[in-house]
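Student: mind looking at a prediction? Sequence and model below.
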Amino acid sequence: MSIIGTDVLTQVALVVNDIEKTKTRLAKFFGIDVPPTIDAGDFAVTKTEINGKPAPDARCRMAFFSVGNGVQLELIEPNDTPSVWRDFLTEHGEGLHHIAFGVKGMTNVIKSCEGFGMTLRQKGNYGDGSGCYSYLDAGDGLPFLLELLESF
């Protein structure tokens with residue numbers, strides 16, 4: 001059993017500079033409709049924290065493609081405020097940001113990941129309040145961030 005309690009991948013995410021251009025191009029590539037762009041949500045709901053501190057101005061726009069077997073391809077266009085999204089885009093440019101897994105018992109799973117040498121970088125609630133997310137960084141241990149998703 002993995003340290004997060006599952007090996008079922010639910011999402012692969014890319015950070016991009018221009019979500020409208022990228023999602024239109026990907027929709028054409030996949031031969032499907034262009035998905036809507038959604039905002040990350042209001043801080044009153046998301047309660048976003050970066051490195052343990054409230055980050056009310058860290059926001060992004062997102063679009064989701066269903067790519068089979070319950071897996072999403074997520075596009076993220078961050079605003080200019082520091083966040084795991086903006087930091088990645090500034091440091092690395094567009095590309096693979098994270099892979100995500102649905103988990104149960106977020107607090108315990110985070111502790112397991114920290115025991116594995118990972119650092120919690122950012123967490124918050126979904127924009128609609130129906131769940132929560134956490135981004136963990138393994139430093140040089142993994143070439144991407146790990147996102148944990150827990151729906152309520």
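Tutor: Cool, got the structure.
Student: okay, buried residues for the longest helix along the chain please.
Tutor: Looking across the chain with DSSP state H, the single longest helix is helix 19-30. Across helix 19-30, burial judged by 16 or more other C-beta atoms under 10 Å covers 19, 22-23, 26. Every residue, glycine included, has its C-beta placed from N, CA and C.
Student: in stretch 54-65, what's buried?
Tutor: By neighbour count with 16+ other C-beta under 10 Å, stretch 54-65 contains the buried residues 55, 58-65.
Student: okay, those in TSV with distance to residue 33 and secondary structure next?
Tutor: Putting those into TSV (distance: C-beta to C-beta, whole Å; DSSP: H, G, I helix; E, B strand; the rest coil) gives the following:
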residue	distance to residue 33	secondary structure
55	33	coil
58	29	coil
59	25	coil
60	22	strand
61	18	strand
62	16	strand
63	11	strand
64	12	strand
65	10	strand
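Student: now the residue lying farthest from the centre of the chain: how far from residue 144?
Tutor: The outermost residue of the chain relative to its centre, with distances by C-alpha atoms, centre = their mean, is residue 31 at 24.6 Å. Distance, residue 31 to residue 144, by C-beta to C-beta, to the nearest Å: 27 Å.
Student: follow-up on the earlier one: show me the contacts for the residue farthest from the centre of the chain.
Tutor: Applying C-beta atoms under 8 Å, 6 or more residues apart in numbering, we find residue 31 in contact with no residue.
Student: closest to residue 110 out of the buried residues of stretch 54-65?
Tutor: Residue 110 lies nearest to residue 55 out of the buried residues of stretch 54-65, by C-beta to C-beta, at 17.5 Å.
Student: return the backbone torsion pair for that closest one.
Tutor: When read as degrees, to the nearest 10, the backbone of residue 55 gives phi -130, psi 70.
Student: ok, it - contacts?
Tutor: 48-49, 81-83, 122.
Student: residue 14 reaches residue 93, doesn't it?
Tutor: No - using C-beta atoms under 8 Å, residue 14 makes no contact with residue 93, being 10.8 Å away.
Student: neighbour count winner among these two?
Tutor: Set side by side, residue 14 and residue 93 show more neighbours around residue 14, with 18 against 10, by other C-beta atoms under 10 Å.
Student: need the three-state assignment for the more buried one.
Tutor: Of the three states, residue 14 takes strand under DSSP: H, G, I helix; E, B strand; the rest coil.
Student: measure it to residue 150 for me?
Tutor: From residue 14 to residue 150 the distance is 22 Å (C-beta to C-beta).
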